[in-house]
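**Q** here is my input, please return the structure:
(one chain, ligands or ions: 1)
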Amino acid sequence: MRYIHTIWISIALISLATSCAYQDGDRNIEYSPNMYHSIPLEPYSQVKDDWAQGAEPQTIFKNGLNAQNAPEGTLPRTEGWYEKEAYQPYHLENDTAGYRISAEGLKSPFESVGYEYNGVAVDCSAETFQRGKRLYEVYCQVCHGASGQGNGNLTSKGNKPFDGIVPDYTSDVGTGLKNLPAGKMFHSITYGKGQMGSYASQMTPQQRWEVISYIQYFQRK
Ligand code: HEC
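**A** Have a look, this model is predicted:
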């Protein structure tokens with residue numbers, strides 16, 4: 001009889017020792033699974049982590065992307081002059097020192113490709129120039145005039161305060177701006193000058209340089 005007890009106790013001990021096998025880190029019972037497995041949409045995950053069924057591609061949007069692609073026409077915020085400049089604050093102050101430094105310190109991002117408009121050499125490509133011309137016609141011509149002589153509609157019919165105060169790009173006498181450096185133009189278009197308002201909110205830096213290409217055509221004519 002004593003042996004039978006010993007055998008039973010041994011069997012019990014052996015089963016106790018072997019029943020708790022290590023199972024690859026899985027918990028046999030998971031307490032409150034919702035605490036571990038997120039049910040809400042994971043914005044940057046393209047899968048639904050469904051704890052009961054495992055991960056599977058999400059189906060909330062038809063294209064299967066939770067983080068949607070940027071809308072068409074979105075500008076990247078890296079690389080290249082335009083993207084960098086467009087999002088950076090203009091570094092010169094709106095004062096006389098800033099205006100003085102702009103003459104030397106600011107350079108057009110465009111390069112001359114030998115394009116001529118009406119026989120006048122301009123420092124950019126035909127497309128850039130045409131964009132500048134269009135911008136000028138939309139925003140500037142009303143004061144500065146179709147010929148750049150300060151005789152736009154707003155200035156030539158006794159309209160105060162602009163009548164007679166818009167400078168002539170083609171002349172180098174008096175208030176004429178024939179020799180105004182491009183950097184100063186950029187500065188003035190950005191901050192405005194005298195009776196002329198700022199165009200910083202209407203035109204990106206690139207567009208300001210485009211319109212300057214067109215103004216330089218008047219200066220060189
Ligand atoms: C409402 C009329 C008006 C409009 C529109 C206008 N300007 Fe002017 N602009 C002026 C006047 C007035 C001056 C002279 C400012 C001064 O020297 O006091 C001037 C001066 C300038 C100068 C010379 C700045 C300097 O440093 O001496 C530039 C360059 C210029 N404008 C560019 C533009 C461009 C580019 C546009 C269009 C995006 C534009 N302007 C639109 C009225 C206007």
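**Q** give me phi/psi at M196?
**A** As for M196, its main-chain torsions (degrees, to the nearest 10) stand at phi -90, psi 130.
**Q** does it touch S188 like I think?
**A** Yes - M196 lies in contact with S188 (CB atoms under 8 Å); the separation is 7.1 Å. Glycine gets a C-beta too; all of them are placed from N, C-alpha and C.
**Q** let me see the contact set for S171.
**A** Q149, L177, K178 (CB atoms under 8 Å, 6 or more residues apart in numbering).
**Q** domains in this structure, as residue ranges please.
**A** Domain assignment for the chain by automatic domain parsing gives 32-65, 92-220.
**Q** any residue of the last one touching the ligand?
**A** Pointing back at domain 92-220 there. Yes - applying CB under 6 Å from any ligand atom, one finds domain 92-220 in contact with the ligand at 139-140, 142-144, 154, 162, 165-167, 177, 180, 184-185, 188-189, 193-196, 199, 211, 215.
**Q** excluding chain neighbours, give the residue nearest to the residue of the chain found nearest the ligand in space.
**A** Of the residues in the chain, the one nearest the ligand is G194, at a distance of 2.2 Å by CB to the nearest ligand atom. The shortest distance from G194 to any non-neighbouring residue, by CB to CB, 6 or more residues apart in numbering, is to I165 (7.5 Å).
**Q** returning to that earlier point: weakest of the domains of the chain by average pLDDT?
**A** Comparing mean pLDDT across these, the weakest is domain 32-65, with a mean of 74.
**Q** and that one, end to end?
**A** 29 Å (CA to CA, to the nearest Å).
**Q** pretty sure A121 sits against K221.
**A** No - under the criterion of CB under 8 Å, A121 makes no contact with K221, lying 11.1 Å away.
**Q** just the buried residues out of the contacts of S171, in ChimeraX syntax.
**A** Here is the ChimeraX command that selects the buried residues among the contacts of S171 (16 or more other CB atoms under 10 Å):
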select :149,177,178
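**Q** pipe the contacts of S171 into TSV and attach secondary structure per row.
**A** Formatted as TSV, the contacts of S171 follow (DSSP: H, G, I helix; E, B strand; the rest coil):
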residue	secondary structure
Q149	coil
L177	coil
K178	coil
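**Q** show me the strands in the chain, by range?
**A** Taking DSSP state E, the strands of the chain run over residues 47-50, 54-57, 116-117, 120-121.
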